[in-house]
Every structure is written in C-alpha cells, then in structure tokens.
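Chemist: Would you be able to build a 3D model of this:
(one chain, ligands or ions: 1)
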Amino acid sequence: MGWKWQGRWRGLALGVEHRKLGSGAGNTLRVLSPEGDREWLRFDCFDQNPHWHLDPTGRDEVQPLDERGDIISEVFVRLESESVALLERAGANPAAIEGLLRAEGVEGQPESDALRDAERALRHRPAILDELDIRVLRNRRSEKWHTYPPDILPAWVAEMDFPVAAPIQAELRRFTESGDVGYPIALADTGLPGVFCERMHERFGWNPDPQRVEILSEVVQGLYLAIEAFSKPGQGVAVQTPIYPPFLKAIRDTGRRLQEKRMEAAGDRLEFDFDGLADAIDGDTPILFFCNPHNPSGRVFSRAELERIAAIVTENDLVVVSDEIHADLLFDRRQHIPLATLGPEIARRTLTLTSASKAFNTPGLRCAIAHFGDAALQRRFNSVVPRPIRGGLGLFGLHASIAAWRWAQPWLDEVCPYLQQNRDFAERALSERIPEIRFHRPEATYLAWLDCRPLGLTGSPAAHFMRHGHVALSDGRIFGGDSEGHVRLNFATSRPILREVIDRMAKALGR
Ligand SMILES: Cc1ncc(COP(=O)(O)O)c(C=O)c1O
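Modeler: Numbering: from 1, shown residues only. Got it, this is the predicted structure:
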C-alpha cells in the first residue's frame, strides 16, 4: 500500500491508493457509499491487465480497461457519464443515487475540483527522491551528467536528479509505444495555452489571457526575441546581478548595453538595490530583465519589492521581461506573486516567460511560454522574425508540459519539501564542515549561492573544488556582478549524493 488520497464527489466517498503487486504496481480508485462503509466500484489502474470491478465485495463483475487508450481518462469518462447506471447495477441505495443526481458540490468544493484531484491522485506515483542510483545517473545523456568525466560529481547546471513525475512518463510512453510521432497539430490547438492559464489561476490567482500566449522552445529564446523586439543595437538593458548567465549573454550577443546593478548581501540573503537600479537606467534603456524567484540567489520578491520594480518600469517607460520559471519551487510556505498581477499598468508592459520544465524537470524537452500583458507587445514580439525561424516544437515538450501542469502537482508536493530539507541539510553540513562559506539561504529554486571569499583561495573556488574535490559547481564569475569567489550549488539530488558533494568540497580543503 503506501500513498493514499481521499475525497468526496456528489456525496460519495472516493479513495485512491498506490498498490504494489507481485509483478508491477498501480493505483486503485474506490467509489464508496457516503459513509464509506460499502464499496460500489473499484478501478484498478495497474501496469498490467488494468480492469474495473462493479460491486467488488458482492457479486463482483470484472471488466478490462482498454489499454490501447488512456485508461485513466476512460475511468473518469465512465464516472461522469455512467455513474448513476453503474451504482444502480452495483445495488447502491436510492438515497446515494439521489445524491448523485442532485450533483451537488460538497462542502463548497466545486464538482470539477473533486474529480480533478481524484484524477491527479490516480495518475500519481510516489516520487523517487532519496534512493537514486548513481550508476543510472551516470548513464544519463543530459548536460549535467555528460559534461565531465565519471570521477567528477556534478552539482552545477539546473536540472534535478529525480526521475520525472509518473503522468509525464506515461504521456511520453504513450507516444513512443504507439509510434504516435507524426506532425504536431497547430500550437494553439494543443490546448497548452489554456492549460497554462488554468495553472496560473490555480496556483497564483493570476488570470492570463490564452490569446496572449506564445509557445517557444525555451525561455532563453524568449530573452533574445524580446531584446530584438523591444530595443535597438546600442540601447541599454537593465538587469540586477548576479543573474542567470544567459541574461548577460543575450545582451552581449545582440550588441545591447548591459546596465547592471548589483544586489547587496544583507544577512543570509541578497537584497535588491532599487534606488541603484533606477539610477542605472539612462534615457536610452527600453528593457528591464527581471528574474523572480531569482537565480542564483534563490530570493523570492515580496509584494512591496515588486511594487518598487513596477514603479521603476512605469516611471522609465520600460518593457519588463519577467522570468518566472522557478515560480513553483518555493519554500517555507512562501507564495509566488506574478509581476503581471500588480495592476493593469505594469501588466501591459510585462512579458512573462516561464515553463513547466524547471519545476517538473523536463528541460531537455524544450517547451516554454511567453505571455504578453498587451496585444501590441505581442505583435511587436511576433514581428521580429517570421515564425518558422523560431523553429517548430516537438510533441514531447508540448504534451509533457500539459501533463505536468494538469496532473503532476502531487509529485511536486513531494519534491518541494524534500528540496527544502536538502537546503537545510546543505546549510547545516556546510556550516559544520566549512564554516567560512557564507550560505545565502534560498527561499526558492534548488540552487544555493555560496560566498567562498572568506576561504582565501587563489583563483576560482569552482576550479579549486573541481581539481581537489572532483565536484562540479557553477563558477560564480559567469553570473556577473563581481561574483568572483562565489559558487552555485545545485542541491536537487538525493540526500546521500548531496552528502557526498559536501564531503568532496570539504576534502578539497583538506578537511
Ligand atoms: C532563471 C532561469 N531562466 C531560464 C532558464 C532556462 O530555461 P530554458 O531551458 O527554457 O531556456 C533557467 C535554467 O536554469 C533559469 O534558471
């Protein structure tokens, strides 16, 4: 048994549980009487021979689920369209059937939410977090695991070591197993813009407009297109540093001027210097690049801080490109606030860039979202290059994003607390083993920004840890803003591997 979910739908009790069976595993959905004392339907969505039972504890009629399609969709189609007839056949009492017919939401929970939660539970499999096999990881072909030789333990580029959520795996498997890899349908028809908007509403109370959505291959593509659309060569792009390196590269590659303001260390976190940022913006700066939650500091900006950003944007008549790709990876019960929700004036100047790929760990599938607060902004963006030059998108990225946002939240609900514990573990272990390192405790992301200057190493600490500890961290210098002496640690791995990373760092210093 193990993981469980319970809820109510039209007065009935629903229960989902994860079951391990002799040769496989699967989830079961039980449909029970309102009191929960009598089981009328049971859907066994097993890896092998999935089936369902009518009146499982009585006359027990068993029918197969159709493995040629999506068996979980089949379960919910049956529930929604046939539940009255099925309960009658199962011998349910008239009062329960009456309740079904009235179709009332229970305790204020809308009907659709109950079934959506049940569907998410049925598609969920417990996340694999603590039991990662290093040999399997070493066979990965991703950048993180492929760039360095096998004796180097990688803790650098921002991808997680955890296998992706079951609904995403199932979606990818369905395409490969059935050879369903023909030309994709038009992007707008995939349903992804609508799913993105639903997700933003559900998670952040934001109501973006599906018409204002563009689907890109990656967030970084959006940065380049935004620069081309909203500025001319030689003009300035303002940014707070240190920052995710492609922000700086995009400005350099396109011949724009970097107008940089450094964040300041305050206690165990970096703070924005808003006055400094406003001063850094000259009359020829049309764009602000903004990153919230912030990579590499892990800061989550408060409403008050976002209001100051919004004021700088409007007072200087800027377009703001708000990269919110880490918005689902918040700790300590923090709440992400999309910049575009601060009011109509800032919304119409905001291009929000995001993707399911960071929180759901699918960066290799290449799919991202650009949302425009204003139609004119979107038109300018789309006029930079003919669309085919932006490249087509693969089915995997599109449908993995849909599966992630629709169904994979229970997986993320397991991953985020684990990441938070990893953050706390790393902070504790570093303070015990290498107390000189200043740890900026991340409020989000799975990246920790470490100030190693007090170690007094000559040259780059990242190079030192690599040479003497055989551990790969990101070199602070590539994040701009005078970040020499810093490294960025990726702690999205199992606790045993994280312990080994910190061990190697300590050994590199002879500890
Ligand atoms: C802030 C930020 N933006 C964008 C990206 C990359 O997004 P994509 O792979 O969609 O370009 C990352 C990856 O780590 C990131 O941290």
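Chemist: switch to C-alpha atoms for all contacts and neighbour counts from now on
Modeler: Will do.
Chemist: Please list all residues in contact with whichever residue of the stretch 51-200 of the chain sits closest to the ligand.
Modeler: The nearest approach of the stretch 51-200 of the chain to the ligand comes at Ala158, 4.6 Å away (CA to the nearest ligand atom). Taking CA atoms under 8 Å, 6 or more residues apart in numbering as the criterion, Ala158 is in contact with Lys358, Tyr446, Leu447, Asn490.
Chemist: What strand or helix carries it?
Modeler: For Ala158, there is no host helix or strand (DSSP states H and E).
Chemist: So for stretch 6-18, mean pLDDT?
Modeler: Here stretch 6-18 scores 92 as its mean pLDDT.
Chemist: Any idea how far apart the tips of that stretch sit?
Modeler: 12 Å (CA to CA, to the nearest Å).
Chemist: Flag every buried residue along that stretch.
Modeler: Arg8, Trp9, Arg10, Gly11, Leu12, Ala13, Leu14, Gly15, Val16, Glu17, His18 (16 or more other CA atoms under 10 Å).
Chemist: So the third one sits against Leu100, correct?
Modeler: Yes: look at Arg10 against Leu100 with CA atoms under 8 Å: they come within range, at 5.1 Å.
Chemist: what about stretch 436-448 and the ligand, touching?
Modeler: No: residues of stretch 436-448 contacting the ligand under CA under 6 Å from any ligand atom: none, with a closest distance of 8.3 Å.
Chemist: Kindly report the same for stretch 382-392.
Modeler: No: against the ligand, stretch 382-392 shows no contacts by CA under 6 Å from any ligand atom, the least distance being 13.4 Å.
Chemist: export that stretch as CSV, just CAs?
Modeler: Output of stretch 382-392 as CSV, limited to C-alpha atoms (Å, rounded to 0.1, in the frame of the first residue of the first chain):
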residue,chain,number,x,y,z
ASN,A,382,5.9,38.3,-33.3
SER,A,383,7.2,40.7,-36.0
VAL,A,384,10.9,40.1,-35.1
VAL,A,385,11.3,37.1,-37.4
PRO,A,386,8.9,35.0,-39.4
ARG,A,387,7.6,32.3,-37.2
PRO,A,388,9.2,29.3,-38.9
ILE,A,389,12.6,30.8,-37.9
ARG,A,390,11.6,30.4,-34.3
GLY,A,391,11.5,26.6,-35.1
GLY,A,392,8.8,24.0,-34.6
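Chemist: what sits up against it?
Modeler: Leu216, Ser217, Leu225, Glu228, Ala229.
Chemist: mind listing what the closest residue to the last one other than its chain neighbours touches?
Modeler: Pointing back at Ala229 there. In space, and not counting its chain neighbours, Ala229 is closest to Phe381: 5.1 Å by CA to CA, 6 or more residues apart in numbering. When contacts are counted by CA under 8 Å, 6+ apart, Phe381 touches Leu225, Ala226, Ala229, Phe230.
Chemist: got it, and Cys45?
Modeler: Gly26, Asn27, Thr28, Leu29, His51, Trp52, Leu65, Ile71, Ile72, Leu122 are the contacts of Cys45 under CA under 8 Å, 6+ apart.
Chemist: The fifth one and His146: what is the separation?
Modeler: Taking CA to CA as the criterion, His51 is separated from His146 by 41 Å.
Chemist: Those two: which is more packed in?
Modeler: His51 (19 against 14; other CA atoms under 10 Å).
Chemist: For that one, list the residues it contacts.
Modeler: Each residue near His51 by CA under 8 Å, 6+ apart is listed here: Phe43, Asp44, Cys45, Val62, Gln63, Pro64, Leu65.
Chemist: Distance of the fourth one relative to Asn49?
Modeler: Relative to Asn49, Val62 is positioned 11 Å away (CA to CA).
Chemist: Same question for the fifth one.
Modeler: With distances taken as CA to CA, Gln63 is found 10 Å from Asn49.
Chemist: which residues does the residue nearest the centre of the chain contact?
Modeler: Closest to where the C-alpha atoms of the chain average out (CA atoms, centre = their mean) is Ala359, at 2.0 Å. For Ala359, the contacting residues are Ile325, His326, Asp328, Leu329, Leu412, by CA under 8 Å, 6+ apart.
Chemist: Equivalent analysis for His336, please.
Modeler: Shown in contact with His336 (CA under 8 Å, 6+ apart): Phe204, Pro293, Val300, Ala327, Asp328, Leu330.
Chemist: No further queries at this time; thank you.
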